[in-house]
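My questions concern the predicted model and sequence given below.
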Amino acid sequence: MKRFMCGLAWAVGAAFVASPTAAQQADWLDQYRSDAERIIAAALDDSTAYERLAELADLFGPRLSGSENLERSLDWIVEKLLADGLENVRSHPVMVPHWVRGEESATLLEPRERNLPMLGLGGSVATPEGGITAEVLVVSDSVELFERADEARGKIVLFDVPFTTYGETVRYRSRGAIYAARVGAVASLIRSVTPRSMQTPHTGAMGYDPAVTAIPHAALTVEDAEMLHRMQDRGQRIVIRLEMEAQTLPDAESRNVMAEITGREFPEEVVVLGGHIDSWDVGQGAMDDGGGCVAAWEAVRLLQELGLRPRRTVRVVFWTNEENGLRGGNVYRDSLGADVSDHVLAIESDGGVFKPSGFGFGGSDAAYDIVRRIGELLEPIDAGSITRGGGGADIGPLMREGVPGMGLSVDGTEYFWYHHTDADTVDKLDPHEMGLSVAAMAVIAYVVAELPEPLPKAER
């Protein structure tokens, strides 16, 4: 009967969403304004989230899947979650890839000698003992490479591809070794996938095609890629010695860690929010994605601190192995079985906790109308824009099962400057902006968890 009466009230209230009267439109949302204001004030009252992120980043540094750093950081998180008094603190085991970088270097030998800052790409094979010394062919894209295929055989191919968008340019990171191997190259290099560089090479995941030879694959800086291209344009011979000790070890044990506030009426129904706790093996993994993890954590902790126990369970998850496998997100989805239908919303932050503008949303039109209205509660902090199209890598498996998803939208101006580099350190983030991100995630999670009825799902 309680669920029926709640549903009746929600049906009446939700009807106001489509009503032509502005006063009516405000009616159902007004009941959440006071709590939203409290959440925002608490999130901006201090720099707890930033300080906790700094401690995580400074204590454990980068957290590549399979590393001791990652597992030690998860131990620390479990300890802190328990100290926070959050409920149902637990871990789910996940087997993850275990790639190890080893020692590596790239040295320009001709036309002059220079040590080239570089980073091997995640999953690359090693060079033979003693390295590879070969002439370099610089190309601007894969089209030019295949046009010059006869020149590439036995050489190191360098893709000097300027950054346009991440989605377009990153294919040279993920598939460059395949392209180069097809034309008989002995190794491949890419210009780092970034719009701006201060001699900072960027790593990231890459792949091989079993139909062609696996060759070493690494990233140079923007500055050096452009320099080598200029040298080639002048007709100068370019020779590089590339040395990489990279190896892929057997899969290692890791885990997703989670905690929650149990719903007071419908505890089996879940609003989940989080980020990925693994990072690449450089920098501190503060921006990508320690900040997203800690912001989601702080959002749930603040609800508890404010005594806000919504109708549904609000759960924070630290997903493992997003960077080079997505095992954590897939295992989380698989662990739910048929109960995945009880997840009413999934929220992810994986773009850096810079100044938020709102969220991207993926789900039914009816659900979008509701969350777009909830976004109005974030207008006082200029974070209320809810746009169509959103989600994230770790919540992708849930969304493919019909769970509505939201991705935090932030000012991404600087994100790809530091992404996957030694410069991904906590100082790149601002305590106030991180607090705004916490507020945005907490308000959305709380209100959706408190609604009388779950968000409508799209028909499948």
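Everything's here; your move.

CA atoms for contacts and neighbours, from now on please.
Fine.

the strands in the stretch 101-250 of the chain, which residues?
Using DSSP state E, counting those that start in this stretch, the strands assigned to the stretch 101-250 of the chain run over residues 104-110, 114-116, 118-120, 132-139, 156-159, 187-191, 217-220, 239-244, 247-261.

Give the buried residues for the longest helix belonging to the chain.
Scanning the chain for the helix with the most residues, using DSSP state H, yields helix 431-450. Residues of helix 431-450 classed as buried by neighbour count (16 or more other Cα atoms under 10 Å): 431-450.

cool, and stretch 47-54?
Going by neighbour count (16+ other Cα under 10 Å), the buried part of stretch 47-54 is 48, 49, 50, 52, 53, 54.

so where is the stretch 351-460 of the chain shaky, pLDDT-wise?
Counting by pLDDT under 70, the stretch 351-460 of the chain contains no low-confidence residues.

which SS class is residue 308?
coil (DSSP: H, G, I helix; E, B strand; the rest coil).

Kindly report the same for residue 49.
Applying three-state DSSP: residue 49 is helix.

so it makes contact with residue 435?
Yes. Residue 49 is within contact range of residue 435, at 6.9 Å (criterion: Cα atoms under 8 Å).

neighbours around residue 124, how many?
Per other Cα atoms under 10 Å, the neighbour tally for residue 124 reads 25.

who's in contact with it?
Neighbouring residues of residue 124 by Cα atoms under 8 Å, 6 or more residues apart in numbering: 206, 207, 215, 216, 217, 218, 246, 247.

What's the per-residue pLDDT of it here?
According to the prediction, residue 124 has pLDDT 98.

Domain map for this structure?
9-97+250-450, 102-245 (automatic domain parsing).

which stretch in the ones you listed has the least confidence?
domain 9-97+250-450 (a mean of 95).

Could you tell me how far that one lies from the centre of the chain?
Chain-centre distance of domain 9-97+250-450: 11 Å, with Cα atoms, centre = their mean, to the nearest Å.

With stretch 101-116 instead?
Distance, centroid of stretch 101-116 to centroid of chain: 31 Å (Cα atoms, centre = their mean).

Now do it: everything it contacts.
117-120, 122, 220, 224, 236-247.

Can you classify the closest residue to residue 278 other than its chain neighbours by secondary structure?
In this structure, residue 278 finds its nearest non-sequential neighbour in residue 63, 5.0 Å apart by Cα to Cα, 6 or more residues apart in numbering. Here residue 63 is coil, with the state taken from three-state DSSP.

and residue 63, how far is that from residue 257?
To residue 257, residue 63 is 15 Å away according to Cα to Cα, to the nearest Å.

higher neighbour count, the two?
Per other Cα under 10 Å, whichever of residue 63 and residue 257 has more neighbours is residue 63, with 27 against 22.
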